[in-house]
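**Student:** the following block contains a protein sequence and its predicted model.
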Amino acid sequence: MLPQTAEQILTHFRPAPVTKELQQFVRKNAFSKEYLFIRTKGDTTGYCSFCQKDVPLKDHSSLQHNAETTCPRCRREVTLKHVWRGIKNIVDEAYVYHFARSIKNKQMITCQTFYVSRFLDSNPGAIRYSPSCYYVFADQGAKMMYIDPYYRQYVLTQSIYTKHPSGGFYYGWQGKLAVNMASLARAIPHTPYQYSAWENYTDMNEQILRYFALFAKHPQVEYFSKCGLSALVKSYLGKHPAARGVLNWNGKSLRKVLGFQPTKPELRHAAKANVSGGKLVHWIKLRKSGCQILLPDLDAYGWLTETLVLKSLNEFIPFDNLLAYQKRLEKRGELAAYFFRDYLDYLRECQPLGYDMSCKEILYPNKLAEKHLQNQLRITHRRDRQLDQKISERYPQLVEKYEYAAKNFCTVVPQNSGDLIAEGRDLLHCVGDYISTYANGFTDIVFLRKAAEPAASYYTMEIYDGEILQCRGFKNCSPTKEINVFLNEFKQLRLTKKRKKRAV
Ligand SMILES: [Zn+2]
């Protein structure tokens, strides 16, 4: 029977859970750094934190506090510590997962986690085990409870999850997390979990608990693991966002859980080619959406990394035509790296250009890259023509408003997009980016030039609402004093005056 209360859960665990086996595991695996402690000046022995024993010291003239050395017994690298100088700061912590068979029912597996701390109260030999979580896995399901660190009481959980020691109460915790897989291998034989394909999930470390919980609830997951879909289950257990809601665990068969019937070649490919969980999720989504193309082709032609683009492409053409087209380009040696994106861009360009989308030569062109480029040029051209039209409509008013000459300088109003592009190119600044805002009247651009060379770029102004927002020269340099004098005049006569007039 699955235990229901904290008392019932505890009956499955040893009353003294810190066994020799657990201690050995912790000594060898739970800490990443080891120390050699010298208790008092002139001691002939030191305490090694790995050996957990006093070891003889050879030459103690060289044994400085914090020196790196090796333990003469275990030959491990250790940091030397003089205990009389204080070792409070090196309190070492770990969080350990340990498995065992239930002491009450040999068919059940238990797992217990501990916070392990050493060197407490400046005592090199001190080590403390504080129990944290308790898990029981039975034939009929799984139970979990943990000890609330504030109230020191047992809390039963609704679902099975793994607690990370750094969360919540232990915020900022920096110890090591160690999972005793060997203890699991010893606990699992002769339990219902023996044939759960658990070996496929040992690389998930503590997350393997979530696999057991899934298996306890939905034993059909075993079949998944055995037909090559472990990577998919891992994505699901790892809470991969794409994997959410893709699998229907209420289904009892593979077809029901996946939402379609995978073919044998597909399952063979999933296992053999080591297809990642993320890709398998996309495979399921594509196949569920009615795509008839099988996993080996989907994988080989890069479909499993481009699902969003594919969804948009599918609005233009059916999936099988897409694959046929892709294969044709491949045969012609024209299949480029970003095929899906380029193709989608190409199709999206064809519509505004007014091409006949029912024509096969338009939908499935040879030399896609070339056609895509042509489309882009045509669209840019068209857009520039439209913008130039707008600029020429604004031009007469702008000339009347801004044209001005005094002393050695004059202003010139740009007449078309080409003027702005040339200005940006000659002065190495970014006025070329302003073509559309200028054309649409969101801002005004006026060139400042030497009266002697009115055709040569010199400075560029952006004017908006009677204010000079910026005035930049070569490589964005600021105006000189002389130019500022001119600008002030220009402002007075061309910007301020008119506004006053309008106000009257
Ligand atoms: Zn040692």
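**Tutor:** Cool, the structure landed. Numbering: from 1, shown residues only.

**Student:** ok, which stretches of the stretch 51-200 of the chain are strands?
**Tutor:** In the stretch 51-200 of the chain, the segments counted as strands under DSSP state E, counting those that start in this stretch are 53-56, 68-70, 77-82, 92-101, 109-118, 127-138, 141-148, 153-156, 176-179.

**Student:** give the contact list for whichever residue of the stretch 251-400 of the chain sits closest to the ion.
**Tutor:** Residue nearest to the ion within the stretch 251-400 of the chain: Asn274 (40.9 Å; C-beta to the ion). Using the backbone N, CA and C atoms, a C-beta is placed for each residue, glycine as well. Asn274 sits next to Ala231 when contact means C-beta atoms under 8 Å, 6 or more residues apart in numbering.

**Student:** same thing but at 6 Å, please
**Tutor:** Residues near Asn274 by C-beta atoms under 6 Å, 6 or more residues apart in numbering: none.

**Student:** also Leu258?
**Tutor:** So Leu258 contacts Ile284 (C-beta under 6 Å, 6+ apart).

**Student:** on that earlier part again, from Gln207, how far out is the residue of the stretch 251-400 of the chain closest to the ion?
**Tutor:** Computed as C-beta to C-beta, to the nearest Å, the Asn274 to Gln207 distance reads 19 Å.

**Student:** try Cys51
**Tutor:** Relative to Gln207, and taking C-beta to C-beta, Cys51 is found at 33 Å.

**Student:** under the pLDDT cut-off, which ranges of this protein? List them.
**Tutor:** Along the chain, segments meeting pLDDT under 70 span 59-62, 167-172, 497-504.

**Student:** one more time with 80, if that's ok
**Tutor:** 58-62, 88-89, 91, 149, 164-174, 239-243, 432, 497-504 (pLDDT under 80).

**Student:** domain ranges for it, per the record?
**Tutor:** 6-187, 391-503 (automatic domain parsing).

**Student:** got a markdown table for the ones you listed, with distance to the ion too?
**Tutor:** Listed next are the domains of the chain as a markdown table, based on distance: least, C-beta to the ion, whole Å:
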| stretch | distance to the ion |
| --- | --- |
| domain 6-187 | 3 |
| domain 391-503 | 65 |
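
**Student:** same list, the ones you listed, but as CSV with mean neighbour count and distance to His218 please.
**Tutor:** Listed next are those as CSV, based on neighbours: other C-beta atoms under 10 Å; distance: least, C-beta to C-beta, whole Å:
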stretch, mean neighbour count, distance to His218
domain 6-187, 16, 11
domain 391-503, 15, 57
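
**Student:** distance check, Val233 against Ser225.
**Tutor:** Distance of Val233 to Ser225, computed by C-beta to C-beta: 6 Å.

**Student:** with Arg383 instead?
**Tutor:** Taken as C-beta to C-beta, the span from Arg383 to Ser225 is 55 Å.

**Student:** where is the longest helix in the chain?
**Tutor:** Ranked by residue count, the top helix of the chain under DSSP state H comes out as helix 368-402.

**Student:** list the strands paired with the very next helix or strand once past that one, with their directions.
**Tutor:** Where DSSP states H and E defines the elements, the next helix or strand beyond helix 368-402 is strand 405-406. The pairing partners recorded for strand 405-406 under DSSP bridges are strand 409-412 (antiparallel).

**Student:** okay, the angle between the following helix or strand past the partner strand and helix 368-402?
**Tutor:** Counting by DSSP H and E, the next helix or strand C-terminal to strand 409-412 is helix 417-427. Put simply, helix 417-427 runs at 90 degrees to helix 368-402, going by axes from the mean of the first three to the mean of the last three C-alpha atoms, to 10 degrees.
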